[in-house]
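Visitor: Have a look at this prediction, sequence included:
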Amino acid sequence: MWKNLQDHHAKVADRRFETLVDAERAAEFTAQADSIVLDYAKTNIDAEGRALLIDLLDATGVAAKRDAMFAGQPINETEGRAVLHTALRNLDGDPVVVDGKDVMIGIQDTLARMSIFSTEVRTGAFKGQGGKITDVINIGIGGSDLGPAMAVKALAPFHDGPRCHFVSNVDPADIAGVLRQCDPTTTLVIVASKTFTTIETMTNARTAQAWMAEKVSDTGAQFAALSTAADKTAAFGIDPSRVFGFEDWVGGRYSMWGPIGLSLMMAVGHVAFRDFLRGGQAMDRHFQSAAWHENLPALLALVGIWHNQICDYATRAVLPYDNLLSRLPAYLQQLEMESNGKGVSMDGADLDVPSGPVVWGEPGTNGQHAFYQLIHQGTRVIPCEFLVAARGHEDDLHHQHQLLVANCLAQSEALMRGRTLDEARDKVADKFEGDELDRQARHRVFPGNRPSVTIAYPQLTPFVLGQIIALYEHRVFVEGAVLGINSYDQWGVELGKELATALQPVVEGAQSAADKDGSTAALVAFLQGNGV
């Protein structure tokens, strides 16, 4: 199945795909779900290539795997778990059965409890020991931080609750910087750790507890927990009414739809939070029902597979021309690379094609003045994914938003078209001549023929944000299903954590570094000699 695609790529690799992009192609290579549009016309995928890619979906049984996921079957085979973050946004409550039990009852109960608690905090019915809660600090790491931190920033125009802050890094500078902004008597601290043992999170939680104890008599009264470890949260002094758990079939990087999204609910309120869930649910239904050639998650995945596994483009740049989505690239780094950064298939065999790409990016137009030089004129092709809204939220600055949109569209056009040597010569012919004209012109040549997709939407709202995040989640699923890997475990993070635990007493001086390799031992000695 891969060979057919590779053979097709060999036939079209040198084609200038800008010659394909007429009005007919623009319509044929655009798909829409509700108000979100995916334009993938500016790629070298043609009708034959798309048909071969769709054949890949059928050959690898993606539809059956999709249905198994939504049905609650244990598709996370290495851990024997279902994968049901989709159930967290199943607002209509249709039954979802795991091990003979409808899990929607517990999900809806937890969502109702979250709504009540967040409303109490936002209205002042729940107070700190110095009055109404003014600040909420979410302490978590990985999926317990990246998702809600990204979403809280993305929905800033909808904030009408307490200020929300996020602490993730065990580096003391992170938590110290946040605590300096807050009053311990009017701050609620949310500790996000399913097991309540994550070392970075619990270290920061204890620091926050000590900070609060300087000003309040009962620190536990101003803490909440997103955890299933009821005994540990109780020992920390947190009342069970402020503990919100979630099951092991919700992976960390897929968890902001449930209790991990409590900080977002605090910021925007439970009504807007439900709109966010409703957007995710809408994308779920589209993913389940739309034909492959109209299915946004499937098409986005197929574009990714074409570029990574077939064209051998090893990275993917995510470029939101929407400053509210400035944290989206960081969020997608975890979502995509932790999910599909695997080296073996489900049966333990080595993959015979590359696994997931390196995902990175920054918001436009900042990136244009940073790394776009490499994207446009570097020796490696970097597929780009642009995101842009028709309208911003600053109505009195609409002219600036129009300039932003123009920049976004210009970048994708420039990547596709490029600039020939003759065009470059014409640009500088009035300044140079002879050999110098040729030399100067060559510096102004743009190869072009560089692919991009654009995701466009009317305006970033809670519903649209839910659509976008679910779109990317399902894109990850499709790519992983085609590759035959498990997108829902993350064993690659374990070894470093184990070694860090073993190294801590060495760094502290309680144990010798004699059994460490020469490099590590030398670094320990240097850092100890300089005050670590």
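Guide: Done, it's in.

Visitor: where along the stretch 201-350 of the chain do the helices fall?
Guide: 230-235, 262-268, 270-289, 296-305, 328-340 (DSSP state H, counting those that start in this stretch).

Visitor: Quick check: the residue of the chain positioned farthest from its centre vs residue 459, distance?
Guide: Distance from the centre of the chain peaks at residue 434, with 50.8 Å (CA atoms, centre = their mean). If you measure residue 434 against residue 459 using CB to CB, to the nearest Å, the figure is 53 Å. C-betas here are computed from N, CA, C, even on glycine.

Visitor: before we move on, what about residue 408?
Guide: Residue 408 is 15 Å from residue 459, by CB to CB.

Visitor: So for these two, which sits in the more crowded spot?
Guide: The neighbour count for residue 408 versus residue 459, taken as other CB atoms under 10 Å, is higher for residue 408 (23 against 14).

Visitor: Just the pLDDT at residue 498, thanks.
Guide: Turning to residue 498, the model gives it a pLDDT of 89.

Visitor: I'd like the numbering to begin with 17 instead of 1 from here.
Guide: Shifting the count to begin at 17 puts that one at residue 514.

Visitor: Run a quick neighbour tally on it.
Guide: Residue 514 has 9 nearby residues by other CB under 10 Å.

Visitor: What confidence value was assigned to the residue farthest from the centre of the chain?
Guide: 95.

Visitor: try residue 510
Guide: 87.

Visitor: tell me the SS of it?
Guide: helix (DSSP: H, G, I helix; E, B strand; the rest coil).

Visitor: what sits against residue 537?
Guide: Residues in contact with residue 537, defined by CB atoms under 8 Å, 6 or more residues apart in numbering, are 529-530.

Visitor: Residue 374 versus that one, what's the distance?
Guide: 31 Å.

Visitor: what do you get for residue 187?
Guide: Taking CB to CB as the measure, residue 187 falls 24 Å from residue 374.

Visitor: just residue 505 next, same as before
Guide: For residue 505 relative to residue 374 (CB to CB), the value is 20 Å.

Visitor: what about the two, which has more around it?
Guide: Neighbour count, other CB under 10 Å: between residue 505 and residue 374, residue 505 has more, with 18 against 14.

Visitor: for the chain, what spans make up the strands?
Guide: Along the chain, counting by DSSP state E, strands occupy 46-49, 52-55, 113-114, 117-118, 143-144, 147-148, 151-155, 179-183, 203-208, 239-242, 331-337, 374-376, 400-405, 468-473.

Visitor: Give me the buried positions along stretch 446-456.
Guide: Neighbour counts over stretch 446-456 (16 or more other CB atoms under 10 Å) mark 453, 456 as buried.

Visitor: Go ahead and measure how far that stretch is from the middle of the chain.
Guide: Put simply, stretch 446-456 sits 46 Å off its chain's centre (CA atoms, centre = their mean, to the nearest Å).

Visitor: who's in contact with it?
Guide: With CB under 8 Å, 6+ apart, stretch 446-456 has contacts from 441, 444-445, 457.

Visitor: try 10 Å this time
Guide: For stretch 446-456, the surrounding residues in contact (CB atoms under 10 Å, 6 or more residues apart in numbering) are 437, 440-441, 443-445, 457.

Visitor: thinking again about what came up before, so which of the helices of the stretch 217-366 of the chain is the most packed in?
Guide: Counting by mean count of other CB atoms under 10 Å, helix 278-284 has the highest mean neighbour count of the helices of the stretch 217-366 of the chain, with a mean of 28.

Visitor: same for that helix, what does it pack against?
Guide: Helix 278-284 is packed against helix 120-139, strand 151-155, helix 162-170, strand 179-183, strand 203-208, strand 239-242, helix 286-305, helix 478-499, with contacts defined by 3 or more CB pairs under 10 Å, 6 or more residues apart in numbering; DSSP states H and E.

Visitor: now that helix: mean pLDDT?
Guide: Here the average pLDDT along helix 278-284 is 98.

Visitor: go on, stretch 248-256?
Guide: 97.

Visitor: for stretch 65-76, same thing?
Guide: According to the model, stretch 65-76 has a mean pLDDT of 97.

Visitor: go on, stretch 472-481?
Guide: On average, stretch 472-481 scores 98.

Visitor: Straight-line length of that stretch, end to end?
Guide: 12 Å (CA to CA, to the nearest Å).

Visitor: Ok, stretch 258-267 next?
Guide: 21 Å.

Visitor: Over to stretch 362-370?
Guide: With CA to CA, one end of stretch 362-370 sits 15 Å from the other.

Visitor: what is the mean pLDDT for that stretch?
Guide: Rounded mean pLDDT across stretch 362-370 is 93.
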